[in-house]
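Chemist: return atomic coordinates for the entry below.
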Amino acid sequence: MRSRILATLIVTLLVACTSAPVATTFPAPTLTLASVAATPPSTVTIAAPTPTVSPTITPVSLPTTLPTATLIPSATPRPKTGAADEWLGKAAEREKLFNEYAQTIKDAQAFSELGFKRLGTTWEKEVERAKKRFLDADTKLDVYYAVLSLQRTIHDVHSALTVPAGLNPTSEAFSLPFTLGMRGNSLENAQYVVTQSSISEIKVGFILKLYGSKTLQQLEYDYSEWLGATSPEQLKTELARALTRSGAGRYPSLDPNTPVNIVFIDPASQRDTGVTVRWQTGATDVPSQDYAQLSVDYAGINYRLYKDAVNQTIILVYASFNYSLRDTALKTALAGVSYKVPPFDNTQPLEAQSAWMTQFLQANEHPNLQSVRNFPFTVLLQEVDTLNLGRYLNQQTYPILLVDVRNNGGGSIPTNLTALLARERFKTPTFEVVFTPLMKNDNTFLQESLGAGLQAKYILDQLAREKEAVKSSRFPFNCKTSNCSLTEAEYDPNPSVKKFNVAVLSGPGCISSCDQFVSLIKDNNIGRVVGLPSRGADSPTRAKKEFVFKNGEKFSMVFTTAIGYRPNGELLEGNPASVEYYLFPEDDYVNKMIQHLKR
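Modeler: Okay, here's the model as predicted:
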């Protein structure tokens, strides 16, 4: 077994999407505890440790005058290396390069003002913060985080940064011997609470007050530099995890010998408890236990179903709307489905086995075999998956159907699934392409963004006719005819499937087409939405743009070039569907949602 070592303290926070809260178990490290009456943080005694060797749109108040410093200052200033000069240049030359990068981003991205408003900031403010990091960069590692900070200024979950291999940071995983989670029924009263602890002095339920002498507001401001989203719920959720977990390449790290000074509030006594803890190597996370007491009743490629007999509720956990699975992942998923799967050749990709898909459709008695057999492979997978879900639902007698999409990362718009749930004709999302300066002046960027299809043809024709146009006409995501008119964004319900009292359990882990699905349910009055708002992240079209460092090495960013609209006509990016029962995940979470729905 690896011995425990002193670990790296992490600066700010996670960029990646986080899933439902996790439980973690660790041996107890050495620490010192001090309990005092509730007093200002400066009076809390924190002794040195012995090292261990083994809502709808609710703005978050992000102060604009706080420094972009790390969570805990480094003990000693590091000597200057000047290594960043090779990549970014010196002084005025470096500032010029930064300004060129920032201008390209401004010319490329279709910005969401609603998204920035949701975070209580602007792109200009975010750029100023990134600029300071860029100009101060000294090491190669600083260069990486400088360009990452610049890319994160757009707070777009669909964006991506690719850098030369030599710039990518590497690091071991580190953790603290407890976990934090968000608790509360609004953004305003949300608290960072200890959810698991292997230290008797740090009890489950303790509320975080100070971390490395910084307040929660300061921590959230520091965190927001690395947030690839505009969701305040996601900001808090990721921060809760990042304060006790490291993440190489997602935010900077500090001196491994730097301990963490933390002050908690004991809610029982209302007394402050101060501790000093050192980081340790390793982190073992286990999945959420939300459905540990239930067994899977039926499964498809991307979903599983549970039956809650006590509450007379069917629970549909739809993990993804993406059916473009890698071959190995698809074969593994098919091995676990509850419907018929014909044998296949394990040595060949399924998509290359043309006869297999025909057998798959026949085995599952697709009613329109002749008309769909030439559909794309992934569309047919989704067709069969949804077809069998409908058959399962027709056999059920419980009145409530709860669709859990809290960790659904999206894929294609699930119109077939929505048709199963809807009782009346419904509208689907639409989009407009934004003719940004880069879209007008860089044909490669334009073509990559639009791709092929009827929409692309109409948009290119419009741009050729209307050279001063700011954005395109609005289109449905899927064209049914050559007209590709907005009326083609409307669909009929599936009358052959039994209807239920539908509700969606949402959260900030629900992204992209999952965001669209939640808005489909909400805006068309198909069902209710509970939990937390989805991410509010939409990217109908996007393209990659290449940048050049001073030394000639290249990096790239992906930019969103269109804006999506919800079925009710509102923008989706930064504006997810509201929830009627707002609650951060906690013990017995799913049951609490169901109890609310039964009222």
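Chemist: show me the shaky parts of the stretch 101-250 of the chain.
Modeler: For the stretch 101-250 of the chain, the stretches with pLDDT under 70 are 247-248.
Chemist: how about the strands of it, start to end?
Modeler: For the stretch 101-250 of the chain, the strands defined by DSSP state E, counting those that start in this stretch occupy 161-162, 174-175, 178-183, 191-197, 207-211.
Chemist: now distance to residue 271 and mean neighbour count too, for those strands, in JSON lines please.
Modeler: (C-beta placed from N, C-alpha, C; glycine too.) Formatted as JSON lines, the strands of the stretch 101-250 of the chain follow (distance: least, CB to CB, whole Å; neighbours: other CB atoms under 10 Å):
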{"stretch": "strand 161-162", "distance to residue 271": "44", "mean neighbour count": "16"}
{"stretch": "strand 174-175", "distance to residue 271": "26", "mean neighbour count": "22"}
{"stretch": "strand 178-183", "distance to residue 271": "18", "mean neighbour count": "23"}
{"stretch": "strand 191-197", "distance to residue 271": "15", "mean neighbour count": "21"}
{"stretch": "strand 207-211", "distance to residue 271": "11", "mean neighbour count": "20"}
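Chemist: which parts of stretch 496-504 are buried?
Modeler: Of all the residues in stretch 496-504, those buried under the rule 16 or more other CB atoms under 10 Å are 497, 499-500, 502-504.
Chemist: for the record, mean pLDDT for it?
Modeler: Across stretch 496-504, pLDDT averages out at 97.
Chemist: chain center to it: distance?
Modeler: Averaging C-alpha positions (CA atoms, centre = their mean, to the nearest Å) puts stretch 496-504 27 Å from its chain's average.
Chemist: cool, stretch 361-378 as well?
Modeler: With CA atoms, centre = their mean, you get 33 Å for stretch 361-378.
Chemist: now swap in stretch 352-371 and tell me
Modeler: Computed by CA atoms, centre = their mean, the chain-centroid distance of stretch 352-371 equals 35 Å.
Chemist: got the buried residues for that stretch?
Modeler: Buried positions in stretch 352-371, judged by neighbour count with 16+ other CB under 10 Å: 356-357, 360-361, 364, 366.
Chemist: show me the buried residues of stretch 496-504 that map onto helices.
Modeler: Using DSSP state H, no member of the buried residues of stretch 496-504 falls within helices.
Chemist: and of the residues you listed, the nearest to residue 418?
Modeler: Within the buried residues of stretch 496-504, the smallest distance to residue 418 is 9.9 Å, found for residue 502 (CB to CB).
Chemist: doesn't residue 421 make contact with the closest one?
Modeler: Yes: with contacts counted by CB atoms under 8 Å, residue 502 reaches residue 421, the gap being 5.0 Å.
Chemist: related to what we said a few turns ago, so which of the buried residues of stretch 496-504 belong to strands?
Modeler: Of the buried residues of stretch 496-504, the ones assigned to strands by DSSP state E are 502-504.
Chemist: next, residue 563: phi, psi?
Modeler: Per-residue torsions, residue 563: phi -120, psi 140 (degrees, to the nearest 10).
Chemist: list the beta-bridge partners for it.
Modeler: According to DSSP bridges, the partner residues bridging residue 563 are residue 432.
Chemist: residues touching it, list them.
Modeler: With contacts defined as CB atoms under 8 Å, 6 or more residues apart in numbering, residue 563 is in contact with 110, 112, 431-432, 434, 471, 538, 540, 571, 573.
Chemist: most neighbours of all those, which one?
Modeler: When neighbours are taken as other CB atoms under 10 Å, the top entry among the contacts of residue 563 is residue 538 (32 neighbours).
Chemist: isn't there a strand covering that one?
Modeler: No: counting by DSSP: H, G, I helix; E, B strand; the rest coil, one finds residue 538 to be coil, located in no strand.
Chemist: show me where the stretch 151-300 of the chain has helices.
Modeler: Along the stretch 151-300 of the chain, the stretches classed as helices by DSSP state H, counting those that start in this stretch are 216-224, 232-242.
Chemist: now do the longest one and strand 207-211, the angle between them.
Modeler: Angle of helix 232-242 versus strand 207-211, following axes from the mean of the first three to the mean of the last three CA atoms, to 10 degrees, is 70 degrees.
Chemist: how about helix 232-242 as CSV, C-alpha atoms only?
Modeler: Taking C-alpha atoms only, helix 232-242 is exported to CSV below (Å, rounded to 0.1, in the frame of the first residue of the first chain):
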residue,chain,number,x,y,z
PRO,A,232,-24.5,29.2,-9.4
GLU,A,233,-25.7,25.7,-8.2
GLN,A,234,-22.8,24.1,-10.1
LEU,A,235,-20.4,26.7,-8.7
LYS,A,236,-21.3,25.8,-5.2
THR,A,237,-21.5,22.0,-5.8
GLU,A,238,-18.1,21.9,-7.5
LEU,A,239,-16.5,24.1,-4.8
ALA,A,240,-17.9,21.8,-2.1
ARG,A,241,-16.0,18.9,-3.6
ALA,A,242,-12.9,20.8,-4.6
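Chemist: who does that helix touch, helix- and strand-wise?
Modeler: Applying 3 or more CB pairs under 8 Å, 6 or more residues apart in numbering; DSSP states H and E, we find helix 232-242 packed against helix 113-119, strand 178-183, strand 191-197, helix 216-224.
Chemist: for the second one, output the C-alpha coordinates as CSV.
Modeler: It stands for strand 178-183. These are the backbone C-alpha positions of strand 178-183, laid out as CSV (Å, rounded to 0.1, in the frame of the first residue of the first chain):
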residue,chain,number,x,y,z
PHE,A,178,-13.8,14.5,5.1
THR,A,179,-16.3,15.5,2.4
LEU,A,180,-18.4,18.6,2.0
GLY,A,181,-21.8,19.0,0.3
MET,A,182,-24.3,21.7,-0.2
ARG,A,183,-27.4,21.8,1.9
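Chemist: nearest spatial neighbour of residue 555, skipping sequence neighbours?
Modeler: Using CB to CB, 6 or more residues apart in numbering and skipping the chain neighbours, the partner closest in space to residue 555 is residue 163 (4.5 Å).
Chemist: give the next helix or strand downstream of the worst-scoring helix or strand of the chain on mean pLDDT.
Modeler: The least trusted helix or strand in the chain, going by mean pLDDT, DSSP states H and E, turns out to be strand 32-36, with a mean of 31. Next along the chain after strand 32-36, taking DSSP states H and E as the criterion, comes helix 85-88.
Chemist: so for that following helix, mean pLDDT?
Modeler: 97.
Chemist: which residues does that helix contact?
Modeler: Residues outside helix 85-88 that contact it (CB under 8 Å, 6+ apart): 94, 97-98, 134, 137, 140, 143, 146, 167, 549-551, 553.
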